[in-house]
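Engineer: Could you look at this predicted model? Sequence included:
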Amino acid sequence: MTDNRLTIEALTSGYGETDILQGVALTLRRGEILALMGRNGMGKTTLLKTVMGLIQTRAGRIMLDGSPVDGKPPAWLLAHGVGYAPQELPLFQDLSIRDNLRLALRHDRDLAKALQNVGRSFPFLLERLEQLAGTLSGGEQKMLILARALMNEPDLLLIDEISEGIQPSVVQRIATALKTERERRGISILVVEQNLDFALSVADRWAVMKLGQIVDEGACNAESRETVLKHLSI
Ligand SMILES: Nc1ncnc2c1ncn2[C@@H]1O[C@H](COP(=O)(O)OP(=O)(O)OP(=O)(O)O)[C@@H](O)[C@H]1O
């Protein structure tokens, strides 16, 4: 069996007549956290949406544990251990925290255990289960989005710019939650980020996307920040 939880080979996808992804190659090993960075509009969100089956693959392959999953619908991926925290706020603003979390589950009977799990990282959610999602602060909503993606205990988590617009202390809590999930369950995480410090603090490896292609990648170490910054500035 392959060590790669996710393998992306020569992937092309896009919108209408335009190919946004132009032959993306990327792997995510089991238990690894990979930070995918790049300037605005380079195709990072498009990549996550294509992996999630929300956008069709035009060429190339997406594999989970070595088996092709192109063409599988989002519900199939969610049922097979893939979690997704999208960039746009996907919460039901008029529903409570409890109901937003409950909607992530396939069976209500799993609710108590799942709440206990996400409560370990975000205890405030359990203390305020009846509060409407729309009345939470921006940072609290981001934590709810992440908690919702974790409800089914995915072993592959795709996260799109979770740190956008939130204060450093919340970013820190999210970083801790991700590292704890990885330590506890060996989960693989692909983090799309603009926040370089957050990304490099949680990830084992980084990759940079430019115009729909991965142009460079490496292990996170003392030189990563400078190397990635160079890519982001040109
Ligand atoms: N639904 C859509 N229809 C047409 N074009 C789209 C659509 N969604 C995104 N695009 C275009 O695809 C390109 C890549 O967008 P994408 O959101 O994947 O980039 P990104 O790297 O995630 O950017 P950001 O960091 O700003 O979120 C952009 O030029 C964008 O305008």
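Structural biologist: Arrived safely.

Engineer: In three-state terms, how would the most centrally placed residue in the chain be classified?
Structural biologist: The chain has Ile159 as the residue nearest its centroid, 1.6 Å off, counting by CA atoms, centre = their mean. What DSSP: H, G, I helix; E, B strand; the rest coil gives for Ile159 is strand.

Engineer: Wait, it touches Val191, no?
Structural biologist: Yes: with contact defined as CB atoms under 8 Å, Ile159 and Val191 form a contacting pair (4.9 Å). Heads up, the C-betas are built off the backbone N, CA and C, glycines and all.

Engineer: Now the common contact residues for those two.
Structural biologist: Common contact partners of Ile159 and Val191 (CB atoms under 8 Å, 6 or more residues apart in numbering): Leu178.

Engineer: what about this structure, any weak spots by pLDDT?
Structural biologist: Where the chain drops to pLDDT under 70, the residues are 1.

Engineer: can you point me to the longest helix in it?
Structural biologist: helix 168-185 (DSSP state H).

Engineer: what's in contact with the following helix or strand past it?
Structural biologist: Scanning forward in sequence from helix 168-185 by DSSP states H and E, the next helix or strand is strand 188-193. Contacting residues not belonging to strand 188-193 are listed as 5-6, 28-37, 44-45, 47-48, 87, 155-163, 178, 181-182, 199, 202-203 [CB under 8 Å, 6+ apart].

Engineer: do strand 188-193 and the ligand meet at all?
Structural biologist: No: figure legend: strand 188-193 not in contact with the ligand (CB under 6 Å from any ligand atom); closest approach 6.6 Å.

Engineer: What residues sit buried inside the helix or strand following that strand?
Structural biologist: Scanning forward in sequence from strand 188-193 by DSSP H and E, the next helix or strand is helix 196-202. By neighbour count on 16 or more other CB atoms under 10 Å, the buried set for helix 196-202 is 196, 198-200, 202.

Engineer: ditto for stretch 168-182
Structural biologist: In stretch 168-182, counting by 16+ other CB under 10 Å, buried: 170-171, 173-175, 177-178, 181-182.

Engineer: May I have it exported as PDB, CA atoms only?
Structural biologist: This file holds the C-alpha atoms of stretch 168-182, laid out as PDB (Å, rounded to 0.1, in the frame of the first residue of the first chain):
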ATOM      1  CA  PRO A 168      -3.500  36.000  16.100                       C
ATOM      2  CA  SER A 169      -4.800  34.400  19.300                       C
ATOM      3  CA  VAL A 170      -7.500  32.500  17.300                       C
ATOM      4  CA  VAL A 171      -4.900  31.600  14.600                       C
ATOM      5  CA  GLN A 172      -2.800  30.100  17.400                       C
ATOM      6  CA  ARG A 173      -5.800  28.100  18.700                       C
ATOM      7  CA  ILE A 174      -6.400  26.700  15.300                       C
ATOM      8  CA  ALA A 175      -2.800  25.800  14.800                       C
ATOM      9  CA  THR A 176      -2.800  24.000  18.100                       C
ATOM     10  CA  ALA A 177      -6.000  22.100  17.200                       C
ATOM     11  CA  LEU A 178      -4.500  21.000  13.900                       C
ATOM     12  CA  LYS A 179      -1.300  19.700  15.500                       C
ATOM     13  CA  THR A 180      -3.300  18.000  18.200                       C
ATOM     14  CA  GLU A 181      -5.500  16.200  15.600                       C
ATOM     15  CA  ARG A 182      -2.500  15.000  13.800                       C
END
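
Engineer: what's the offset of it from the middle of its chain?
Structural biologist: 13 Å (CA atoms, centre = their mean, to the nearest Å).

Engineer: what comes up buried for stretch 75-88?
Structural biologist: Going by neighbour count (16+ other CB under 10 Å), the buried part of stretch 75-88 is 77-78, 81-87.
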